[in-house]
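**Student:** Give me coordinates for this.
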Amino acid sequence: MTSSMDDREKVFENKFKMDEELRFKVQMRATKLFGKWAAAQLGITDPEAVEKYVGDVIDADFDEPGIRDVLRKVKADFDAREMDSDMGNLEREYNLHLAEAKKQFATQS
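**Tutor:** Okay, here's the model as predicted:
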């Protein structure tokens, strides 16, 4: 009976690990899409500059858990250019990109 319980525990552990990995990938994709959107809003059009900016947005995501760090980074960049930087609007925009990232991963499966 112990081996049955051990097997069941390993199945749950593996599922949890896979779910967390997928969640991380989806969040990174959403952050990348959001970064590209923000770059366009900021008027960044050079492909290398866009990729650098997206990298900076992704790097900001590692400051703390959740997306607040990403939103603060983009808000600060918008504020520097005196653009509308309402946190609620930025969060809604991020959530649109999160939904798109989820859809992209769902179609890949």
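**Student:** low-scoring pLDDT stretches of this protein, where are they?
**Tutor:** Along the chain, the parts satisfying pLDDT under 70 run over 1-2, 19, 109.
**Student:** Mind naming the longest helix for it?
**Tutor:** Taking DSSP state H as the criterion, the chain has its longest helix at helix 2-41.
**Student:** Show me what that one is packed against.
**Tutor:** helix 47-60, helix 68-80, helix 87-108 (3 or more CB pairs under 8 Å, 6 or more residues apart in numbering; DSSP states H and E). Every residue, glycine included, has its C-beta placed from N, CA and C.
**Student:** what about that helix, distance to the chain center?
**Tutor:** Centroid separation between helix 2-41 and its chain, computed with CA atoms, centre = their mean, to the nearest Å, is 12 Å.
**Student:** next one: stretch 23-42
**Tutor:** Distance, centroid of stretch 23-42 to centroid of chain: 6 Å (CA atoms, centre = their mean).
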